[in-house]
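>>> next comes the sequence, and after it the predicted model I'd like to discuss.
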Amino acid sequence: MSYIEELRWRGMLHDIMPGTDELLAKGKVSGYIGFDPTADSLHIGSLAQIMTLIHFQVAGHKPIALVGGATGIVGDPSGRSDERNMLSEDVLQHNLAGIRKQLEQFLNFDCGENSAEIVNNYDWFKQFSFLDFISDAGKYITVNYMLAKDSVKMRLESGMSFTEFCYQLIQGYDFYYLWKNKGVLLQMGGSDQWGNIVTGTELIRRKDGGEAFALTTQLIRKADGTKFGKSMGGNIWLDANKTSPYKFYQYWLNASDEDAKNFIKIFTLKTKEEIDTLIAEHEAEPHLRKLQKALADDITVRVHSKEDLQKAIDASNILFGQSTTEQLNALTEQDILDIFEGVPMFETSKEVIENSDIVSLLAEHTQIFPSKGEARKNIEANAVSINKEKVALATKIVSNQLLRGKFLIAQKGKKNYFLIKAV
RNA sequence: GGGCAAGUAGCCAAGUGGCCAACGGCAACAGACUGUAAAUCUGUCCUCUUCGGAGUUCGGUGGUUCGAAUCCACCCUUGCCCA
C-alpha cells in the first residue's frame, strides 16, 4: 500500500497537490512537518502529525521534523483570531529541547537512507538580516498573493501585526531552504497549514523554477464538535509530568464510539484487518468497549511504556470497578501511593480530620475546593465521595475511615480524585 | 491629523436611567440514564457566605443623578473611511 493510500483509508488525508502521488511512487522522498514550540511538550494534537511522519517513514521515505525556533518567535496566525504572545528566547530553547526529546521517541533516527532528522529553522534564520530576507524571499511573493490567504483574510477586519503577516513567508522560506539544501520535496501538515505550505511551493517555483509538493491531513474533530485533545480544561500532553499516564489512558478510554473508530485509525499502527475486526467486535458488544481499550492500550504503550499502561489499568480497575470500602482497605500503603500517583495530595492532621465538618475539611484544611461555598454546592449536588461513598453536609469523618490509618480518598464527580493524608 | 463605528462575564451576544449580578447561546463542571461513552433531561456557572444575605463588575478615569452597563467629559484600544 502506498503512503497516500495508507493515509486515505485511515481518514487522515485532507488535501494533496497534484503529482504528489506520482512523486512518492518513484522512490524515496524527503518530506517534513513543522512543530510549533509554544510549550515544552507536544500534545496529542501534534501526535497526529507525528503519526503522519511515522507512516511516511514506514513507506520508505525520509521524514524530517522541523522545530520552529524562528517561526515560534513570529507566531502562526492560522486559525487564530487574535495576536499571540511572543516567546522569549530561553523559554523557546527550553521548549525546543523538550519537543526534540519526544520526537526522538517516535521516529527512527538510525535506519540508513531514510533515517529521520530534526532541523531547527532558527539555524538558518538567525544570521539572515531583514534586508536580505525582504530582497531574497520577499521579492518573489506579492502582497496580493499573501493577502488572499484565509489566515490573513480572516484577520483583515480585526487586525494583524506585520510580524504575523510575514509568518507565511517565513514558513515558505523554510520549505525553500530545505528544498534547496536538503532536497526536501514535500511538506506536510494539518489542513490549516495549506496556505503556508503553498506559499513555500510557490516561492520555490518563482525563485528557482523548482517543483515541490504539499499534503495536508484532516483536522481531528470529535463527533460532538468539541475540541479534540482537551480535557478538564487542559491539553492532553505527551509529557508524563504534565499529563499523568493514568489520565492519558483515561482520555482515550473515554472516547465515544464514533470517535474511537476514527482515532484508532489515526493514532495506532494497527492494520486495516485488525481494525475492522475490532470494530466488528465492538459493535457486537459495545458495552465492553473493546475498541476504546485497544485504542488506549496501544497509544499509552507507545507514548509512555508497558509498565505505565499496566499501572493505569490497575488504577482504573480499582477506581472505576465495583470497588468497595473493604477493597480499598485491602490496599497497602504502596498500592495507594502507586494508584494515586499524580493526583493532588493534601496533608493535614488527624485531629483536624476528626474535628472539622466535611465542608471545612474539603475547602479549608485541604484545597480540594477553592471555597466553602463551592464545597457546599458540590456536596448538595451529590458530587462528592469519600472512600467511594457519597457524603452529605452532615457527614462526619471518624478515624477508622482512614485507609491504612492515614489516607482518605476524596472524589469530586466520577473522575476527579484527591488524596488526603493524615500526618 | 479629520470623520464614523465599536469595546458587556472563558467565548459569542442582549440590555440603552431604577424591575440588572445583567436575556440567550456555546464552552465548562456536576447529577440522572448508560458502557468510566454518545445523545437526552436536570442543576451550577463573578467572588465570599453561618444559604438569610454580603461584596465587587459592563474598556479606563472623573462627573451628572436619590439611583448609571445605560447620560456627559476626557482618555485608552480596535475597525472602517478621508488626509
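It's in.
>>> mind checking pLDDT for residue A:134?
On the pLDDT scale, residue A:134 is placed at 88.
>>> chain center to the strand or helix carrying it: distance?
Using DSSP states H and E, residue A:134 falls within helix A:130-136. The chain centre lies 36 Å from the centre of helix A:130-136; the measure is C-alpha atoms, centre = their mean, to the nearest Å.
>>> what's the longest helix seen in chain A packed up against?
The longest helix of chain A (DSSP state H) is helix A:89-106. Counting contacts by 3 or more C-beta pairs under 8 Å, 6 or more residues apart in numbering; DSSP states H and E, helix A:89-106 is packed against helix A:44-58, strand A:62-67, helix A:69-74, strand A:117-120. Quick note: C-beta positions are derived from backbone N, CA and C, even for glycine.
>>> may I see the buried residues of the helix holding residue A:134?
Neighbour-count burial for helix A:130-136, counted by 16 or more other C-beta atoms under 10 Å, picks out residue A:133.
>>> who touches it?
Residues from elsewhere that reach helix A:130-136, judged by C-beta atoms under 8 Å, 6 or more residues apart in numbering: residue A:173.
>>> so residue A:180 sits right up against residue A:208, yeah?
Yes - using C-beta atoms under 8 Å, residue A:180 makes contact with residue A:208 at a distance of 7.1 Å.
>>> picking up where we left off before, beyond the helix holding residue A:134, next helix or strand please.
Downstream of helix A:130-136, the next assigned helix or strand under DSSP H and E is helix A:143-147.
>>> packing partners for that next one?
Helices and strands touching helix A:143-147, by 3+ C-beta pairs under 8 Å, 6+ apart, are helix A:194-208.
>>> buried sites along the helix it packs on?
Here helix A:194-208 shows A:194, A:195, A:196, A:197, A:198, A:199, A:200, A:201, A:202, A:203, A:204, A:207 as buried, counting by 16+ other C-beta under 10 Å.
>>> what's that helix in contact with?
A:14-15, A:17, A:76, A:78, A:137, A:140-141, A:145-146, A:149-151, A:167-169, A:171-176, A:179-180, A:187-189, A:210-214, A:216.
>>> let's see which of those end up in strands.
A:14, A:15, A:187, A:188, A:189, A:213, A:214, A:216 (DSSP state E).
>>> roughly how far does the third one sit from RNA strand B?
In this structure, residue A:187 lies at 30 Å from RNA strand B, with C-beta to the nearest atom of the strand, to the nearest Å as the measure.
>>> how much space between the residue nearest to that residue when sequence neighbours are not counted and residue A:394?
Of all residues not flanking residue A:187 in the chain, residue A:197 sits nearest, at 4.7 Å (C-beta to C-beta, 6 or more residues apart in numbering). Between residue A:197 and residue A:394 the computed distance is 62 Å (C-beta to C-beta, to the nearest Å).
>>> now do residue A:275
52 Å.
>>> between those two, who's got more neighbours?
When neighbours are counted by other C-beta atoms under 10 Å, residue A:275 and residue A:394 differ, and residue A:275 comes out ahead with 19 against 8.
>>> which element is the closest residue in space to residue A:242 that isn't next to it in sequence on?
In space, and not counting its chain neighbours, residue A:242 is closest to residue A:41: 5.5 Å by C-beta to C-beta, 6+ apart. Using DSSP H and E, residue A:41 falls within no helix or strand.
>>> give the burial count for residue A:41, as a bare number.
Residues contacting residue A:41 under the criterion other C-beta under 10 Å number 18.
>>> so what's the backbone phi/psi at it?
The phi/psi pair for residue A:41 (degrees, to the nearest 10) reads phi -140, psi 150.
>>> low-confidence ranges in the stretch 1-150 of chain A?
Low-confidence segments of the stretch 1-150 of chain A (pLDDT under 70): A:75-88.
>>> ok, 80 please
A:38-39, A:69, A:71-91, A:150 (pLDDT under 80).
>>> show the contacting residues for residue A:270.
So residue A:270 contacts A:264, A:278, A:294, A:298 (C-beta under 8 Å, 6+ apart).
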